[in-house]
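Engineer: Pasting a predicted model and its sequence here:
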Amino acid sequence: MENADQLKEYREKRHFDRTSELGGTTRQGDSGSNSSPRFVIQKHQARNLHYDFRLEIDGVLKSWAVPKGPSTNPGVKRLAMMVEDHPLDYVDFEGTIPEHEYGAGTVMVWDTGHFRNLKDKPFAEAIHDGQLEVWLEGKKLQGGYALVRMGDIVDHRWLLVKMRDEDADAQRDPEASQPESALTGRTLEEIAAEASHAE
Ligand code: MN
């Protein structure tokens, strides 16, 4: 098990009096009993548009920033930079992070649902080894996805690749054909506009 405060880095980067993101707590002991953990892919218009891929593992959201978003084409490898763990509550965060705050910009829940481990070894061990295989049951993405670390344990660069199964589709381009929120149906522009009206 990791240290007692897995969310230290997450909290140190943020000012909770200024951002509507959540401070978060971990839920120790969830992982063993939770047979149906959740995942989220958040479309994040920060300095650069990217997709944040988060998996509920051991009481936190293990997180990767995917610049080009996940592909449904098994022939395409997408760079996925491992970033700090996020609190579980972040799974349905949609809104705007104010200017000058860490990650400033608009966040959309682009896809969400449940997932399961395709490997026999526990997630913590699979992450340590840099080899994850998950089955997604999302609204837009389904089927197997592999995450493979490019280097040794200190390397933050991973590759996200669609596995070859019945949900693989080299022609589909869900980022383009299904750009709206899986939670509210809103576009990034609509989320941003509602945030500025609320002030
Ligand atoms: Mn992000």
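Structural biologist: Sure, I can see it.
Engineer: Can you list the neighbours in contact with the top helix by length along the chain?
Structural biologist: Counting residues, the longest helix found in the chain (DSSP state H) is helix 188-198. Contacts made with helix 188-198 from outside it, assessed by Cβ atoms under 8 Å, 6 or more residues apart in numbering, are listed as 43, 45, 94-96, 106-108, 179, 181, 184, 186. Where C-beta positions appear, they are placed from N, C-alpha and C, glycine not excepted.
Engineer: So which of those residues sit within strands?
Structural biologist: 43, 45, 95-96, 106-108 (DSSP state E).
Engineer: Turn those residues into CSV, columns for distance to the ion, pLDDT and neighbour count.
Structural biologist: Putting the ones in strands among the contacts of helix 188-198 into CSV (distance: Cβ to the ion, whole Å; pLDDT from 0 to 100; neighbours: other Cβ atoms under 10 Å) gives the following:
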residue, distance to the ion, pLDDT, neighbour count
Lys43, 9, 98, 24
Gln45, 9, 96, 17
Gly95, 13, 95, 15
Thr96, 13, 93, 22
Thr106, 11, 96, 24
Val107, 7, 97, 25
Met108, 11, 98, 26
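Engineer: Return the closest of those with respect to Trp135.
Structural biologist: Taking Cβ to Cβ as the measure, Trp135 lies nearest Lys43 of the ones in strands among the contacts of helix 188-198, at 21.9 Å.
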